[in-house]
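>>> Sequence and computational prediction follow.
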Amino acid sequence: MLTQAQKDQFDRDGFLVVEDAVPSETLGALRAVFAEWVEESKNHTKDYGETLDKRPRFDLQPGHNAETPGLRRVQSPEEVSDVFASTMREAATVDYCAELLGTGIRFHHGKVNSKLPGTATKVKFHQDFPFEPMTNDDMITCLLFMDDVTLENGPLEVVPGTHKGPLYAHWHDGVFTGAVADDVQAEHEGDIVKCTGPAGAVCLMHARLLHGSAPNLSSSPRTLYITTYYAEDAIELSPNHLPSTFTHELVRGTPSGRVRCTPYEMALPEVPKGTSFFAQQEGSDAG
């Protein structure tokens, strides 16, 4: 489904944007469900719902109210929505990941991250892999654009090629901040690329790629359905930070009965206790 040029780009840069990753009917259904969740959130003043690990499923932005709702995250949406579950299993994004990793793949976790108009959510620069270490790093984060993503509404910002570089520290002064040090970001400031595209596109991103995103400064929403997949022959080395009933489901290929290990060294992540990654910083995993 991907051209050799696209595969080469992913290998070189660590990311790839592909348009028309889901049919318009699926995109419309995903957006309709999320709109229902936003409407429902107007009835709440604090985070609500419950996930597999007993944390709230629906994460509200500070300042959220009925007039200006700020639903910024839905954890494991595929557990409570058939259309999200079928997208997680059947979308072309899954086939792209299988092609790029060249192996069977399993589902790791899913979430919706949204920057509604007027919300100031900023995601500091980080890598995803230090949140979710496995025995090997064949792991891709898929960011499906549920809205048009523009330069103004808080697009993903990536640093091409950093997936082949070091795993940076996300612990600072004994605290897991979920972000790299300021001097690391400053070192790469001139290399940042902003990933934009129409609704229905997907950004495929290697889990070691350095990335972040800016606040939504526009009057348009920027909502992503984010799913992470990993090579079938990898085994988790730390508790999943967004566990669900679908975690580790084999979505492409067949079980090999083997485990593959690649050399790397890093500090284990902190297991989150709050609603979301915002407990560490204004943003700390993809999107």
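Thanks, I have it.

>>> What about the residue lying closest to residue 86 once chain neighbours are set aside, how many residues nearby?
Using CB to CB, 6 or more residues apart in numbering and skipping residues adjacent in sequence, the residue nearest residue 86 is residue 26, 8.0 Å away. Where you see a C-beta, it was placed from the backbone N, CA and C, and this is true even at glycine. For residue 26, the tally of surrounding residues (other CB atoms under 10 Å) stands at 17.

>>> And the one 3 residues further on, by the same measure?
The burial count assigned to residue 29 is 18, neighbours taken as other CB under 10 Å.

>>> that's a helix at it, yeah?
Yes. Assessed with DSSP: H, G, I helix; E, B strand; the rest coil, residue 29 lies in a helix.

>>> That one is in contact with residue 84, isn't it?
No. Counting by CB atoms under 8 Å, residue 29 stays clear of residue 84, with 9.2 Å between them.

>>> if we can go back for a sec, next one: phi and psi at the residue nearest to residue 86?
phi -70, psi -40 (degrees, to the nearest 10).

>>> heads up, I number from 29, so please use that
Happy to do that; since the first residue is 29 now, the last one works out to residue 54.

>>> per-residue confidence at it?
Looking at residue 54, its pLDDT stands at 98.

>>> show me the contacts for it.
111, 114, 115, 119 (CB atoms under 8 Å, 6 or more residues apart in numbering).

>>> cool, and residue 164?
Contacts of residue 164 by CB under 8 Å, 6+ apart are 259, 261, 262, 288, 289, 290.

>>> With adjacent residues omitted, what lies nearest to it?
Once flanking residues are discounted, residue 164 sits nearest to residue 290: 4.4 Å by CB to CB, 6+ apart.

>>> what's around that neighbour, how many residues?
Number of residues near residue 290 (other CB under 10 Å) recorded here: 10.

>>> now do residue 235
25.

>>> Confirm for me that it is in contact with residue 158.
No. In this structure, residue 235 is not within contact of residue 158 by CB under 8 Å, at 9.1 Å.

>>> list the residues that contact both of the two?
Common neighbours of residue 235 and residue 158 (CB under 8 Å, 6+ apart) do not exist.

>>> Residue 102 bridge partners, please.
Judged by DSSP bridges, the bridge partners of residue 102 are residue 86, residue 140.

>>> how many other residues sit next to it?
29.

>>> for the one 4 residues further on, same thing?
For residue 106, the tally of surrounding residues (other CB under 10 Å) stands at 25.

>>> can you give me phi and psi for it?
phi -70, psi -20.

>>> Could you report the distance from it to residue 130?
25 Å (CB to CB, to the nearest Å).

>>> gap between residue 44 and residue 161?
Applying CB to CB to residue 44 and residue 161 gives a distance of 23 Å.

>>> for this structure, what spans make up the helices?
Remark: helices assigned in the chain by DSSP state H are 32-41, 52-69, 110-118, 120-129, 210-216.

>>> now for the shortest one, which elements pack on it?
In this structure, helix 210-216 makes packing contacts with strand 151-154, judged by 3 or more CB pairs under 8 Å, 6 or more residues apart in numbering; DSSP states H and E.

>>> Parallel or antiparallel, list what pairs with the strand it packs on.
strand 239-241 (antiparallel).

>>> Now do the strand it pairs with, average pLDDT.
Mean predicted lDDT for strand 239-241 stands at 96.

>>> Which of the contacts of residue 164 fall in strands?
residue 259 (DSSP state E).

>>> can you pull the buried residues of stretch 138-149?
If you call a residue buried by 16 or more other CB atoms under 10 Å, then stretch 138-149 has these buried ones: 138, 139, 140, 141, 142, 143, 144, 146, 147, 149.
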